[in-house]
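In: give me the fold of what follows.
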Amino acid sequence: MRVKVLKVCAVLISIVAVISAVPAVAGEGEVGVLLGGTFFDGDLTGESKFNHINETYGVRGAYLWGDRFGWFADYTMTNVEFAHSGGFSFDLNELRTGMEFFIHPAERRYRTFVAAGVGLMDMDFGFDSVDRTLASLGIGGRWEIGDHGRARWEIRAEQSLDDDGLGGVDLTNIQALFGLGWGSGGDPADTDGDGVRDRKDNCPDTPRGATVDENGCPKDSDGDGVMDGIDKCPDTPDGAMVDAKGCPVDGDGDGVFDGLDKCPDTPRGATVDAKGCPKDSDGDGVLDGIDKCPDTPKGVKVDAKGCRVDVDSDGDGVVDRLDKCPNTPKGVKVDATGCPLAKKLFEEEKASLVLEGVNFETNSAVLTAGSTSVLNKVVASLKAWPDVRVEVAGHTDSVGRAAYNKTLSEKRAESVRAFLATAGIGGSRLEAKGYGEEMPIADNSTDRGKAANRRVELKKLN
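Out: Down below sits the predicted model:
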């Protein structure tokens with residue numbers, strides 16, 4: 001028994017040495033053990049039949065290259081017994097080498113093969129031994145278990161090639177063997193260079209540079225259609241359109257990516273919301289970011305820059321935004337607010353007009369603050385009628401002495417004249433005169449009447 005073990009070890013060491021010496025080409029080395037049974041032809045005893053299963057064990061080595069071919073060598077030992085020959089037995093030792101052809105490609109974990117080989121069989125009868133050459137033919141299958149584990153089955157038929165030593169007796173046997181082994185992994189094919197062997201690669205045509213998962217399929221973390229490893233912008237928001245490099249596209253340059261942009265044709269410079277649509281805060285039809293006057297009041301007409309257009313709808317010379325009387329008939333003269341001038345004063349000869357709202361401090365010729373707006377309108381009207389000359393007439397009520405009232409009315413008339421002259425009305429067009437209480441227009445016995453008599457009038461002189 002010890003001798004057999006030594007033989008097995010010696011053969012195994014030899015096989016490993018041979019495999020190690022094979023040039024480093026794209027292939028895979030393999031060593032393993034075999035266990036099975038041998039059906040031996042009983043022709044030695046005149047019983048020409050396979051009548052007993054004999055336990056067989058052994059070692060093997062192989063070297064596979066390319067997709068289909070492999071070289072093998074194995075050594076098996078069998079104790080052959082003949083049940084019908086009085087317990088006759090012998091030890092059968094076989095050394096065999098040959099080629100295997102794999103029917104299935106290398107990408108598959110299970111591959112069927114056919115094998116053919118030649119070798120030497122040694123029959124040890126105890127008292128003598130006989131050696132013969134042999135030829136074999138077999139079929140089997142091979143599994144890959146993980147990266148390095150190997151399992152196999154094989155059924156082979158063997159035939160001696162000569163009859164030396166046994167008086168012309170042919171030797172034939174059939175072996176059914178199972179094996180376990182270890183494979184070096186060789187230099188496995190990885191056609192697309194993604195680091196996953198072709199036989200495991202579910203996506204064998206992955207572009208170079210793409211990051212792949214354990215199945216060899218490219219990953220696209222941001223779901224933009226450009227694979228990780230190639231994607232220069234790996235955090236693109238969902239739904240955004242990207243270019244060939246995986247970077248988002250913004251066709252209208254508004255900061256919202258195409259694919260997310262609900263208004264993809266926004267004019268350059270316009271301010272947009274989160275959906276990429278332009279905003280118009282003042283509702284004037286000119287987009288924010290382009291609008292140079294972003295606070296235009298509602299309803300005001302604007303130009304292309306979003307600024308109000310000074311329209312004069314009624315053609316009176318006062319733009320609509322300042323015109324207090326926007327429907328003035330054509331040809332009617334108006335004041336600075338766009339309202340018609342007092343025809344009685346400027347169109348009728350020697351007409352007069354009470355300046356309602358022109359008032360003075362008590363017993364003084366100082367104009368009150370509220371008088372300014374009324375007098376500004378008078379200035380505008382006089383400028384609109386440059387040929388008209390007027391008299392500024394001051395009047396009082398009957399309270400107090402007549403002489404005092406006369407003097408006070410003159411001073412008040414002069415204050416109004418001075419205001420008009422300072423505002424640009426030529427002095428030659430203005431005269432100031434005080435009438436005191438001499439020309440009442442209401443009853444001085446009542447407060448209302450007194451208030452009406454305290455007045456300033458403009459009288460047309462030409």
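In: show me where pLDDT drops low in the chain?
Out: 1-27, 42-51, 82-88, 163-170, 185-189, 199, 328-329, 332, 340-351 (pLDDT under 70).
In: where do the helices sit along it?
Out: Using DSSP state H, the helices found in the chain span residues 2-21, 343-346, 371-384, 402-422, 447-453.
In: how is the protein partitioned into domains?
Out: What the record gives for the chain is the domain set 2-183, 343-460, from automatic domain parsing.
In: distance to D198 added to the ones you listed, as a markdown table?
Out: For every residue, glycine as well, the C-beta is placed using N, CA and C. Listed next are the domains of the chain as a markdown table, based on distance: least, CB to CB, whole Å:
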| stretch | distance to D198 |
| --- | --- |
| domain 2-183 | 5 |
| domain 343-460 | 95 |
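In: closest to G299 out of those domains?
Out: Nearest of these to G299, taken as CB to CB: domain 343-460 at 25.9 Å.
In: which stretches of the stretch 151-300 of the chain form strands?
Out: 172-183 (DSSP state E, counting those that start in this stretch).
In: surely D314 touches K324?
Out: No. Using CB atoms under 8 Å, D314 is not in contact with K324, being 11.4 Å away.
In: quick check: neighbours shared by those two?
Out: G338 (CB atoms under 8 Å, 6 or more residues apart in numbering).
In: in terms of neighbours, single out the busier of these two.
Out: D314 (18 against 12; other CB atoms under 10 Å).
In: and the more buried one, how far is that from W385?
Out: 19 Å (CB to CB, to the nearest Å).
In: pretty sure S184 sits against D147.
Out: No. If you go by CB under 8 Å, S184 and D147 don't touch, sitting 9.8 Å apart.
In: re earlier: so for K219, which of the domains of the chain sits nearest?
Out: If we rank these by CB to CB, the stretch that ends up nearest is domain 2-183, at 21.7 Å.
In: can you tell me what sits against stretch 102-119?
Out: Contacts of stretch 102-119 (CB under 8 Å, 6+ apart): 64, 66-70, 72, 94-101, 133-144, 154, 156, 161, 188-189, 198-199, 201.
In: for it, measure first residue to last.
Out: Distance across stretch 102-119, first residue to last, is 21 Å (CA to CA, to the nearest Å).
In: list the buried residues of that stretch.
Out: Under the neighbour-count criterion of 16 or more other CB atoms under 10 Å, stretch 102-119 has F102, A106, E107, R111, F113, A115, G117, G119 buried.
In: over to stretch 310-324?
Out: Result for stretch 310-324 [16+ other CB under 10 Å]: buried residues D314, D316, V318, D320, D323.
In: now the second one: how far from L408?
Out: Relative to L408, D316 is positioned 39 Å away (CB to CB).
In: same thing with the last one?
Out: Using CB to CB, one gets 38 Å for the distance from D323 to L408.
In: again, but for the third one
Out: As defined by CB to CB, V318 lies at a distance of 37 Å from L408.
In: over to the fourth one?
Out: According to CB to CB, D320 and L408 sit 43 Å apart.
In: please apply the same query to D122.
Out: 157 Å.
In: more neighbours: these two, which one.
Out: Ranked by neighbour count (other CB under 10 Å), D122 and L408 place L408 first, with 21 against 16.
In: hang on, isn't the more buried one packed against N363?
Out: Yes. Counting by CB under 8 Å, L408 touches N363, with 7.1 Å between them.
In: so who does the residue nearest to L171 when sequence neighbours are not counted touch?
Out: Spatial nearest neighbour of L171, chain neighbours left out: S160 (3.9 Å); criterion: CB to CB, 6 or more residues apart in numbering. By CB under 8 Å, 6+ apart, the contact list for S160 reads M121, R132, T133, L134, D170, L171, T172.
In: try 6 Å this time
Out: R132, L134, L171 (CB atoms under 6 Å, 6 or more residues apart in numbering).
In: okay, and the beta partners of it?
Out: Residues in a beta bridge with S160, per DSSP bridges, are L134.
In: check T78 too.
Out: Residues in beta-bridge contact with T78 (DSSP bridges): T56, L92.
In: against S136, how distant is it?
Out: Taken as CB to CB, the span from T78 to S136 is 14 Å.
In: likewise R308?
Out: Applying CB to CB to R308 and S136 gives a distance of 105 Å.
In: out of those two, which sits in the more crowded spot?
Out: S136 (20 against 16).
In: from P278, how far off is that one?
Out: In terms of CB to CB, S136 sits 84 Å off from P278.
In: please apply the same query to R389.
Out: Distance from R389 to P278, by CB to CB: 59 Å.
In: now G434
Out: Distance from G434 to P278, by CB to CB: 66 Å.
In: out of S184 and D147, which sits in the more crowded spot?
Out: A count of neighbours by other CB under 10 Å puts S184 above the other of S184 and D147, at 16 against 11.
In: is the more buried one in contact with G29, as I believe?
Out: Yes. Using CB atoms under 6 Å, S184 makes contact with G29 at a distance of 4.3 Å.
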